[in-house]
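J.: Pasting the sequence and the predicted model now:
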Amino acid sequence: MYTESAFGHIMDNRSFRRFSSRGLDKVHVEFGIVTLAHNILKVADICQPLSENH
């Protein structure tokens, strides 16, 4: 089990297992993109039931 639920969700449900770039700066940018996509998809999941009601 993972210590943070967001990391576990990204790894298990989004199938993100390893970085495709090398270097700490590039990995930082890549993980920022992964978390950005995770948050956008989370907001989309929240907004979807709201749009179905209207």
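T.: Structure's in. What do you need? All values reported here derive from a predicted model rather than from experimental measurement. Numbering: from 1, shown residues only.
J.: residue contacts, the residue nearest the centre of the chain?
T.: Taking C-alpha atoms, centre = their mean, the centroid of the chain lies closest to residue 38, which sits 2.6 Å from it. Residues counted as contacts of residue 38 (C-beta atoms under 8 Å, 6 or more residues apart in numbering) are 6, 9, 10, 14. Quick note: C-beta positions are derived from backbone N, CA and C, even for glycine.
J.: nearest to residue 26, of those residues?
T.: residue 10 (17.8 Å; C-beta to C-beta).
J.: Can you get me a residue count around the closest one?
T.: 19 (other C-beta atoms under 10 Å).
J.: Can you give me the distance of it to residue 49?
T.: Using C-beta to C-beta, to the nearest Å, one obtains 23 Å as the distance from residue 10 to residue 49.
J.: cool, and residue 22?
T.: 41 Å.
J.: in the least confident helix or strand in the chain by mean pLDDT, what's buried?
T.: Ranked by mean pLDDT, DSSP states H and E, the helix or strand of the chain with the weakest confidence is helix 5-12, at a mean of 81. Buried residues in helix 5-12, counted by 16 or more other C-beta atoms under 10 Å: residue 10.
J.: start at 6 instead
T.: Okay, using 6 as the starting number, the last item reads as helix 10-17.
J.: Can you spell out which helices and strands pack onto it?
T.: helix 29-58 (3 or more C-beta pairs under 8 Å, 6 or more residues apart in numbering; DSSP states H and E).
J.: If you compare the directions of the helix it packs on and helix 10-17, what angle comes out?
T.: 90 degrees (axes from the mean of the first three to the mean of the last three C-alpha atoms, to 10 degrees).
J.: what mean pLDDT does helix 29-58 have?
T.: Taken as a whole, helix 29-58 has a mean pLDDT of 87.
J.: Check which residues of that helix are buried.
T.: For helix 29-58, a neighbour-count test (16+ other C-beta under 10 Å) marks residue 43 as buried.
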